[in-house]
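Student: Please find the sequence and the predicted model below.
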Amino acid sequence: MRAVRVHEHGDYEVLRLEEIATPEPGPGEVRIRVAWSALNHLDTWVRRGVEGHKFPLPITPGCDFSGVVDEVGAGVVGVEPGLRVAVAPGFGCGQCRRCGAGQQNLCARYGIYGETTDGGNAEFAVVRAENLLPVPNEFSLDVAAAFPLTYLTAWHMVVTRCGVQAGDRVLIHAAGSGVSAAATQIARLHGARVFVTAGTDEKVARGLENGAEAGCNYRKEDWAKAVKAWAGRDGVDIIVDHVGKDTLPKGVWLLARGGRVVTCGVTSGAQMELHFAPLFFKTLSILGSTMGGLGELKQISDLVFSGTLQPIIDSRFTLDQIAEAHQRMGDRQVFGKICLQVDPSLS
């Protein structure tokens, strides 16, 4: 089969489209004929490498993908070849108390397809049967590939970690990212009011179309002042942050009493100075968040397949255009998800 392989970390040229052996499903696993694979920032980290983190090279990236079941391994019941599926990207050991409670993301041996083992930038991929999300026949497989990682991450941040409520004032940074676009929809679904920031007027406008009440271009105006004017004297209840150094230190001063800031990443830098006085004076919470559990994702998939939540696709490329897709993400002009078409015969 054809697969994208990363043998060493680097720029776009390390993404090699190669012929490798088609994987065979083991006990409890299924093989998927991949239709679409969606790009995430995690894929760019696998390509570039991250200081202090070891990836198992060579590796096939791609943590979000969809397709049809091609072959079923021993012990798998209730799954037949031809079933249209998306894939839950994360998996635990399946034996610890965290996995038993549906909190696979808290398992000490938690892994993600395309990061800790081969993923979906290939014509075929092997996954655990429990990670299958059956896709309705009328639902497009490109959209089915576009939601699992970002919507699970956003849901766990906004709902599970922050406990969003109707009327909450929510600040969401980087409106065009997959996680932020999902977080905007999820916050609005729960009756919250949303303010978004972005680096272009076009992205701010798209954020408003996606459900935000207000927003600002942080390159043109002081976003902290704009948020303060919007939220009023009390401040914001929740901040969704995956920017880090450029936003989090200012953000804590904007929080209302009992407010929460939740972070799943630090694209502008992890080391920062943070003033702790507001934390205890206003009983604030700073929360970390990584992915979520299978139970959460199955709840989310029902909302996506019913049309209640609507993933946004920015652009589509072929598997042969993997380098161009990574470059588009690196240029930071994306709003929503970039999708790679792997098998044009599957829709």
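Tutor: Yep, it's here. Numbering: from 1, shown residues only.
Student: Tell me the confidence at the residue lying farthest from the centre of the chain?
Tutor: Distance from the C-alpha centroid of the chain peaks at residue 281, with 33.2 Å (C-alpha atoms, centre = their mean). At residue 281, the predicted lDDT confidence score is 90.
Student: swap in residue 249?
Tutor: The model reports residue 249 with a pLDDT of 85.
Student: Now it: which helix or strand?
Tutor: Element membership of residue 249 [criterion: DSSP states H and E] is helix 248-251.
Student: Can you point out the buried residues in that helix?
Tutor: Buried residues in helix 248-251, counted by 16 or more other C-beta atoms under 10 Å: 248, 251. From N, CA and C alone the C-beta is placed, and that goes for glycine too.
Student: Are there helices or strands packed against it, and which ones?
Tutor: Here helix 248-251 touches strand 236-241, strand 255-263, going by 3 or more C-beta pairs under 8 Å, 6 or more residues apart in numbering; DSSP states H and E.
Student: The last one: partners in the sheet, and parallel or antiparallel?
Tutor: So the one you mean is strand 255-263. Applying DSSP bridges, strand 255-263 is found paired with strand 236-241 (parallel), strand 285-288 (parallel).
Student: okay, those strands, which one's buried deepest?
Tutor: strand 236-241 (a mean of 27; mean count of other C-beta atoms under 10 Å).
Student: Look at the nearest residue to residue 207 once chain neighbours are set aside and tell me its secondary structure.
Tutor: Counting by C-beta to C-beta, 6 or more residues apart in numbering, residue 207 lies nearest to residue 175, which is 3.5 Å off, once chain neighbours are set aside. Following DSSP: H, G, I helix; E, B strand; the rest coil, we place residue 175 in the coil state.
Student: Need phi/psi at residue 7.
Tutor: The phi/psi pair for residue 7 (degrees, to the nearest 10) reads phi -100, psi -30.
Student: That one and residue 14 touch, don't they?
Tutor: Yes: Residue 7 is within contact range of residue 14, at 6.9 Å (criterion: C-beta atoms under 8 Å).
Student: higher neighbour count, the two?
Tutor: residue 14 (20 against 11; other C-beta atoms under 10 Å).
Student: roughly how far apart are the more buried one and residue 64?
Tutor: Counting by C-beta to C-beta, to the nearest Å, the gap between residue 14 and residue 64 amounts to 20 Å.
Student: can you check residue 311 too?
Tutor: Distance, residue 311 to residue 64, by C-beta to C-beta: 10 Å.
Student: shared neighbours, the two?
Tutor: 146, 147, 150, 337 (C-beta atoms under 8 Å, 6 or more residues apart in numbering).
Student: Mind putting those into a markdown table with pLDDT and distance to residue 214?
Tutor: Formatted as a markdown table, the shared contacts of residue 311 and residue 64 follow (pLDDT from 0 to 100; distance: C-beta to C-beta, whole Å):
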| residue | pLDDT | distance to residue 214 |
| --- | --- | --- |
| 146 | 97 | 26 |
| 147 | 97 | 25 |
| 150 | 96 | 22 |
| 337 | 95 | 24 |
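Student: Counting neighbours, which of those comes out on top?
Tutor: When neighbours are counted by other C-beta under 10 Å, residue 146 leads the shared contacts of residue 311 and residue 64 with 30 neighbours.
Student: dump the residue contacts of that residue.
Tutor: 36, 38, 64, 178, 311, 312, 313, 336, 337, 339.
Student: try 6 Å
Tutor: Contact analysis of residue 146 by C-beta atoms under 6 Å, 6 or more residues apart in numbering lists 38, 311, 313, 337, 339.
Student: Of those, which belong to strands?
Tutor: Residues of the contacts of residue 146 located in strands (DSSP state E): 38, 313, 337, 339.
Student: Pretty sure residue 39 is one of the things the last one touches, is it not?
Tutor: No: when contacts are counted by C-beta atoms under 6 Å, residue 339 is not listed as touching residue 39 (7.4 Å).
Student: List buried residues within the ones in strands among the contacts of residue 146.
Tutor: Those of the ones in strands among the contacts of residue 146 that meet the buried threshold are 38, 313, 337, 339, by 16+ other C-beta under 10 Å.
Student: and those, which two are the farthest apart?
Tutor: The span of those, defined through C-beta to C-beta, is set by 38 and 313 at 8.2 Å.
Student: Is there a neighbour count for the closest residue in space to residue 35 that isn't next to it in sequence? I'd like the number.
Tutor: The shortest distance from residue 35 to any non-neighbouring residue, by C-beta to C-beta, 6+ apart, is to residue 346 (3.6 Å). Residue 346: 16 surrounding residues under other C-beta under 10 Å.
Student: do residue 77 as well
Tutor: A count of nearby residues for residue 77, using other C-beta under 10 Å, gives 7.
Student: quick one on the thing from earlier: quick check: neighbours shared by residue 38 and residue 313?
Tutor: 146, 337, 339.
Student: Check which residues of stretch 305-323 are buried.
Tutor: Neighbour-count burial for stretch 305-323 flags 305, 309, 311, 312, 313, 314, 315, 317, 319, 322, 323 (criterion: 16+ other C-beta under 10 Å).
Student: Cool, thanks, talk later.
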